[in-house]
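**Q** Sequence unavailable; structure follows:
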């Protein structure tokens, strides 16, 4: 019975049936009352066993004499595990539950210990900072007391010095300084009068030089309209009684400027540029010599004004480059003409002229206004500084006016012939 309780099977030698039960390939389950399940062997009461059965019994492998526990496969992972009864399973579950509770409590205890350590560490840092702050406050209070004490000492020393009578030496020094100051102010007034006198002389000299330059390179604006031949006195046309005479039929009509004895206007300059574009500078037509000479005279007049008034331009302008006829072309003429326009605008601005009547695309008209401004009133020249501040930042509108000057209106040119 003890062997049956332990799951073992007692071998039997009484019959071939007992031998059959021990030679099965898998352990046989134990039934109630210690009786095993019958295999494929014949009953024990039969005296004769068929040969086929015996042959089959001989081929069956022998199994171990003990009985193994039944294994079952998991439906999730497919592993074969040993099954336990409900009691053993509950005991194991209680053990694992107690172990898990112990682990959770231990983890919570460690977490609380870390929190307590961090709190204590922060409290220690705060207390250390408070101690440093108190130390600084105490040190500042001590320094404040020392400063107040030194201030009181200085006040006492000052009160003592105020009670003492001033030394005569210092009084004499103060008197000498006052007298010297009066002499300095007097010398400043004399120097100022001398400066004004010199400025007046310089202004008169500049005015005379500008007048001579304007006389040498005289500029006049001429406006002429086209006329017809003189009509007969008995003509019904009211214009026939006018004493008009046609001087030259081939002369171009329109408003132009007379520089010395040469005429120039926008159309003449464009015609000169077209002639220069062919590269025939040395063989220019005779009618294009006056406008070219007028441009040269205008550039020379601008150079004279710059030298006389001691002004400086932000760009280079050389009369020698204007005089080199081998270098002239259409592009160079346009470039030098634009440079001449900008130079005249700079002159007008540096002497303090109003910019309203100025036209950036007409340098000859601007030069006429410039000459009237400088020559007619000496005070205008006196206001000009000897070394004016000529920086480009104060003339930012010059580039914008240069762009506007590229778009030119057509001029209504005509001749006016006076009898």
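**A** Thanks, I have it. Since we're looking at a predicted model, the values are computed, not measured.

**Q** which stretches of the stretch 1-150 of the chain aren't confidently modelled?
**A** For the stretch 1-150 of the chain, the stretches flagged by pLDDT under 70 are 1-76, 78, 80-84.

**Q** let's see 50
**A** 1-46, 54, 61 (pLDDT under 50).

**Q** which residues in the stretch 301-419 of the chain form helices?
**A** Listed in chain order, the helices of the stretch 301-419 of the chain (DSSP state H, counting those that start in this stretch) span 319-323, 330-350, 363-376, 378-382, 397-405.

**Q** just the helices in the protein please.
**A** 2-5, 16-22, 51-59, 86-163, 168-216, 266-277, 289-309, 319-323, 330-350, 363-376, 378-382, 397-405 (DSSP state H).

**Q** Out of those, which gets nearest to residue 260?
**A** Evaluated over the helices of the chain, closeness to residue 260 peaks at helix 289-309, with 5.6 Å, by CB to CB. The C-beta positions use only the backbone N, C-alpha and C, and glycine is treated the same way.

**Q** To residue 155, which of the helices of the stretch 301-419 of the chain lies closest?
**A** Once the helices of the stretch 301-419 of the chain are compared by CB to CB, helix 378-382 is nearest, at 57.7 Å.

**Q** Please point out which parts of the closest one sit buried.
**A** 380, 381 (16 or more other CB atoms under 10 Å).

**Q** Please apply the same query to stretch 159-170.
**A** Buried residues in stretch 159-170 (16+ other CB under 10 Å): none.

**Q** Could you pull up the mean pLDDT of that stretch?
**A** Here stretch 159-170 scores 76 as its mean pLDDT.

**Q** Please apply the same query to stretch 287-306.
**A** In the prediction, stretch 287-306 has an average pLDDT of 84.

**Q** what comes into contact with it?
**A** By CB atoms under 8 Å, 6 or more residues apart in numbering, the residues outside stretch 287-306 that reach it are 209-210, 213-214, 217, 219, 257-265, 268-269, 271-272, 275, 284, 311-313, 317, 319, 322-323, 336-337, 340, 343-344, 347, 363-364, 367, 370.

**Q** List the buried residues of that stretch.
**A** Buried residues in stretch 287-306 (16+ other CB under 10 Å): 288, 290-306.

**Q** Over to stretch 368-388?
**A** 368, 369, 370, 371, 373, 374, 375, 380, 381, 384.

**Q** wait, which of those residues is closest to residue 91?
**A** For the buried residues of stretch 368-388, the nearest to residue 91 is residue 384 (118.3 Å; CB to CB).

**Q** Report whether the expected contact of that closest one with residue 347 is present.
**A** No: between residue 384 and residue 347 there is no contact under CB atoms under 8 Å: 10.5 Å.

**Q** which residues do those two both contact?
**A** With CB under 8 Å, 6+ apart as the test, residue 384 and residue 347 both reach 309, 311.

**Q** quick one: pLDDT of residue 212?
**A** 88.

**Q** swap that for residue 236, please
**A** 53.

**Q** any idea how this protein splits into domains?
**A** 2-72, 84-164, 202-405 (automatic domain parsing).

**Q** mind checking how far residue 293 is from residue 332?
**A** Using CB to CB, to the nearest Å, one obtains 17 Å as the distance from residue 293 to residue 332.

**Q** sorry, that was for residue 124
**A** In terms of CB to CB, residue 124 sits 87 Å off from residue 332.

**Q** Counting neighbours, go ahead and name the busier of those two.
**A** Taking neighbours as other CB atoms under 10 Å, residue 124 and residue 332 compare with residue 332 leading, 15 against 10.

**Q** mean confidence for stretch 263-279?
**A** 78.

**Q** list the buried ones in that stretch?
**A** Those would be 263, 264, 265, 266, 267, 268, 269, 271, 272, 273, 275, 276, for stretch 263-279 by 16+ other CB under 10 Å.

**Q** quick one on the thing from earlier: can you redo the helices of the stretch 301-419 of the chain as JSON lines with distance to residue 150 and mean pLDDT?
**A** Listed next are these as JSON lines, based on distance: least, CB to CB, whole Å; pLDDT from 0 to 100:
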{"stretch": "helix 319-323", "distance to residue 150": "75", "mean pLDDT": "69"}
{"stretch": "helix 330-350", "distance to residue 150": "60", "mean pLDDT": "84"}
{"stretch": "helix 363-376", "distance to residue 150": "68", "mean pLDDT": "85"}
{"stretch": "helix 378-382", "distance to residue 150": "60", "mean pLDDT": "73"}
{"stretch": "helix 397-405", "distance to residue 150": "62", "mean pLDDT": "47"}
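
**Q** if we can go back for a sec, using CSV, lay out the helices of the chain together with distance to residue 356.
**A** Converted to CSV, the helices of the chain look like this (distance: least, CB to CB, whole Å):
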stretch, distance to residue 356
helix 2-5, 131
helix 16-22, 136
helix 51-59, 133
helix 86-163, 64
helix 168-216, 22
helix 266-277, 22
helix 289-309, 21
helix 319-323, 30
helix 330-350, 11
helix 363-376, 11
helix 378-382, 16
helix 397-405, 12
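
**Q** I'd like the distance from residue 358 to residue 301, if you could.
**A** Distance check for residue 358 against residue 301: by CB to CB, it reads 17 Å.

**Q** meant to ask about residue 310
**A** 16 Å.

**Q** And for residue 213?
**A** 6 Å.

**Q** List the residues that are in contact with both of these two.
**A** Counting by CB under 8 Å, 6+ apart, nothing touches both residue 213 and residue 301.

**Q** Please report how far residue 177 lies from residue 184.
**A** Residue 177 is 10 Å from residue 184, by CB to CB.

**Q** Format the helices of the stretch 301-419 of the chain as CSV; extra columns: distance to residue 204.
**A** Shown next, in CSV, are the helices of the stretch 301-419 of the chain (distance: least, CB to CB, whole Å):
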stretch, distance to residue 204
helix 319-323, 26
helix 330-350, 20
helix 363-376, 12
helix 378-382, 7
helix 397-405, 31
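
**Q** so which of the ones you listed gets nearest residue 88?
**A** helix 397-405 (103.1 Å).

**Q** Settle this for me: residue 274 is touching residue 330, isn't it.
**A** Yes: the pair residue 274 / residue 330 is scored as a contact, 7.2 Å apart, by CB under 8 Å.
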